[in-house]
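Chemist: predicted model and sequence follow; I will ask about them next.
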Amino acid sequence: MAKKSTKLDISDEMIAERRGGTGKMPDDMPSWMAKSIVRIDKFSKWTGNIVCWITIPLILGMVYEVLARKLFLAPTIWAYDISRFLYGALFM
């Protein structure tokens, strides 16, 4: 087996330096571009939060359907449709 080097490659260090902190924009970036990036980031965060909250009723509906079908032998009519609607909303 080849011995792995424990030192970081110089390119790894350069990439880490370039990334800096979160939300930090380069000094030479035009202000309109920085504002656009911030708006896109806020929209992406907002969309991600909505998707996260949509998964909760999806999971609860599927758990209820499985329990009703397996334990009580009483499947629901609405669970399949609701799951498809919520999956569609997640992937839109």
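Modeler: Right, received. Where do you want to start?
Chemist: any idea which element residue 64 lies in?
Modeler: Taking DSSP states H and E as the criterion, residue 64 maps to helix 31-71.
Chemist: what is that helix packed up against?
Modeler: helix 78-91 (3 or more CB pairs under 8 Å, 6 or more residues apart in numbering; DSSP states H and E). In short, each C-beta sits where N, CA and C put it, glycine included.
Chemist: what's the angle from the helix it packs on to helix 31-71?
Modeler: Helix 78-91 and helix 31-71 are oriented at 160 degrees to each other (axes from the mean of the first three to the mean of the last three CA atoms, to 10 degrees).
Chemist: which residues touch helix 78-91?
Modeler: By CB atoms under 8 Å, 6 or more residues apart in numbering, the list of residues contacting helix 78-91 from outside reads 51, 54, 55, 57, 58, 61, 62, 64, 65.
Chemist: ok so, going back, distance from the chain centre to the helix holding residue 64, please.
Modeler: Chain-centre distance of helix 31-71: 8 Å, with CA atoms, centre = their mean, to the nearest Å.
Chemist: can you give me every residue that contacts the residue sitting nearest the centre point of the chain?
Modeler: Centrality entry for the chain: nearest residue to the mean C-alpha point is residue 48, 5.6 Å, by CA atoms, centre = their mean. Shown in contact with residue 48 (CB under 8 Å, 6+ apart): no residues.
Chemist: any idea how far it lies from residue 62?
Modeler: As judged by CB to CB, to the nearest Å, residue 48 and residue 62 stand 21 Å apart.
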